[in-house]
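Provided below for reference: sequence and predicted model.
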Amino acid sequence: MGKFGTWFACGLVAMAAIAAGVVLDRLSGWAFPFTLAGGLLGALYLVGTFVVSAPIFGRVARVRNENGRFSLTFDDGPDPRHTPAISRMLAERGHRATFFVLGKHASEYPQVLGRILADGHELASHGFDHGLLAFSRPSRVRAQLLATEQAVLAATGSAPVRLFRPPHGVRSPWLGRTVASLGYRLCGWTGAIFDTAKPGVPAIVERARRNLRPGSTLLLHDGDGSGRGDDRSQTVEALPAILDEAERRGLRSVRLSSLLEPALPVPDLERLGLPGETGFPRIGHPLQDGD
């Protein structure tokens with residue numbers, strides 16, 4: 001389901017909760033308590049689905065507030081037009097980042113993943129095809145994670161770090177538990193930069209500047225999750241000024257995993273029988289060559 005379809009469907013779920021409350025109030029002869037309860041449930045559902053920091057559907061990974069350290073993260077890559085330039089620029093200036101890659105793009109451009117790791121950054125999961133997961137069954141969520149893990153493993157010889165950022169931050173009531181069952185942790189971000197809207201380099205720099213602080217997690221994009229191959233050159237062009245401002249404030253970008261509280265235990269996926277559930281093209285067993 002696409003972005004706008006997901007928004008519409010989630011709105012219908014919230015409205016259904018309100019409508020059920022109205023019906024119950026009429027059947028009971030009460031004034032409004034069930035309607036209010038339905039409205040509250042609908043609002044909680046929408047907040048839990050779309051507000052990435054809300055703990056309603058499970059907490060996202062907790063980031064430590066450490067002096068002088070923050071995290072730059074990039075979603076939707078790799079893209080050979082933009083990712084290598086971003087990776088190289090960060091490495092040359094002594095910064096490290098976390099790239100939340102799409103399994104589909106990882107399988108298309110495996111050499112770019114090698115460049116990212118060679119530059120000292122880390123790879124994490126953004127799902128396989130950028131499909132929104134608000135209504136995806138747990139088996140579908142597992143398929144997204146495992147197929148992406150297989151793609152990264154085939155490209156680099158090692159699995160991604162067990163961090164997962166759902167596309168657009170959209171969640172479901174069962175997403176957190178499903179992700180945790182595979183040993184992954186949900187990751188969010190702080191502030192809003194919206195570089196995918198291509199607002200211009202000065203706007204991207206200013207939005208990033210407003211969110212630069214110890215322990216912050218900045219979300220930028222090195223690729224296009226829509227599949228249309230949209231341009232991310234504004235993000236590349238904005239990065240030097242963002243790094244200049246970070247350094248002026250005494251901040252250094254580090255891998256997100258180094259700022260998190262201890263990771264969850266990694267389960268035995270073979271014992272759980274999960275690899276066979278992927279509904280995507282298999283690129284290799286996710287646990288071959290070690291995990």
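Structure received. Numbers count the residues shown, from 1 in each chain.

Quick check, pLDDT for the residue lying closest to Phe74 once chain neighbours are set aside.
Distances taken as CB to CB, 6 or more residues apart in numbering place Asp222 nearest to Phe74, at 4.3 Å, with adjacent residues excluded. From N, CA and C alone the C-beta is placed, and that goes for glycine too. With respect to pLDDT, Asp222 scores 97.

same thing with Gly29?
pLDDT, read off for Gly29, is 85.

For it, give its distance to Ala19.
18 Å (CB to CB, to the nearest Å).

Compare neighbour counts for those two and give me the winner.
Ala19 (14 against 6; other CB atoms under 10 Å).

could you list every residue that touches that one?
Listed by CB atoms under 8 Å, 6 or more residues apart in numbering, the contact set of Ala19 reads Gly38.

and what of the one 5 residues further on?
Applying CB under 8 Å, 6+ apart, we find Leu24 in contact with Phe34, Gly38.

next one: whatever helix or strand it lives in to chain centre, how far?
Using DSSP states H and E, Leu24 sits within helix 3-28. Its chain's C-alpha centre and that of helix 3-28 lie 28 Å apart, by CA atoms, centre = their mean, to the nearest Å.

Which neighbouring elements make contact with the helix or strand following it?
Downstream of helix 3-28, the next assigned helix or strand under DSSP H and E is helix 33-50. Counting contacts by 3 or more CB pairs under 8 Å, 6 or more residues apart in numbering; DSSP states H and E, helix 33-50 is packed against helix 3-28.

List the buried residues of the helix it packs on.
Across helix 3-28, burial judged by 16 or more other CB atoms under 10 Å covers Thr6, Trp7, Cys10, Ala14, Ala17, Ile18, Ala20, Gly21, Asp25.

quick one: low-confidence ranges for the stretch 1-150 of the chain?
Counting by pLDDT under 70, the ranges of the stretch 1-150 of the chain that qualify are 1.

what packs against the helix or strand encompassing Val179?
Assigned by DSSP H and E, Val179 belongs to helix 175-181. Applying 3+ CB pairs under 8 Å, 6+ apart, one finds that helix 175-181 contacts helix 138-156, strand 185-186.

what separates the first one from the chain centre, distance-wise?
The reference is to helix 138-156. 14 Å.

Dump that helix to PDB, keeping only the CA atoms.
Written as PDB, here are the backbone C-alpha positions of helix 138-156 (Å, rounded to 0.1, in the frame of the first residue of the first chain):
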ATOM      1  CA  PRO A 138       4.000 -10.000  10.900                       C
ATOM      2  CA  SER A 139       5.100 -12.500   8.300                       C
ATOM      3  CA  ARG A 140       5.400  -9.700   5.800                       C
ATOM      4  CA  VAL A 141       7.500  -7.600   8.200                       C
ATOM      5  CA  ARG A 142       9.800 -10.500   8.800                       C
ATOM      6  CA  ALA A 143      10.100 -11.000   5.000                       C
ATOM      7  CA  GLN A 144      11.200  -7.400   4.600                       C
ATOM      8  CA  LEU A 145      13.900  -7.600   7.200                       C
ATOM      9  CA  LEU A 146      15.200 -11.000   6.200                       C
ATOM     10  CA  ALA A 147      15.300 -10.200   2.500                       C
ATOM     11  CA  THR A 148      17.200  -7.000   3.200                       C
ATOM     12  CA  GLU A 149      19.600  -8.900   5.500                       C
ATOM     13  CA  GLN A 150      20.200 -11.400   2.700                       C
ATOM     14  CA  ALA A 151      20.900  -8.600   0.200                       C
ATOM     15  CA  VAL A 152      23.500  -6.900   2.500                       C
ATOM     16  CA  LEU A 153      25.100 -10.200   3.400                       C
ATOM     17  CA  ALA A 154      25.400 -11.200  -0.300                       C
ATOM     18  CA  ALA A 155      27.000  -7.800  -1.100                       C
ATOM     19  CA  THR A 156      29.400  -7.400   1.800                       C
END
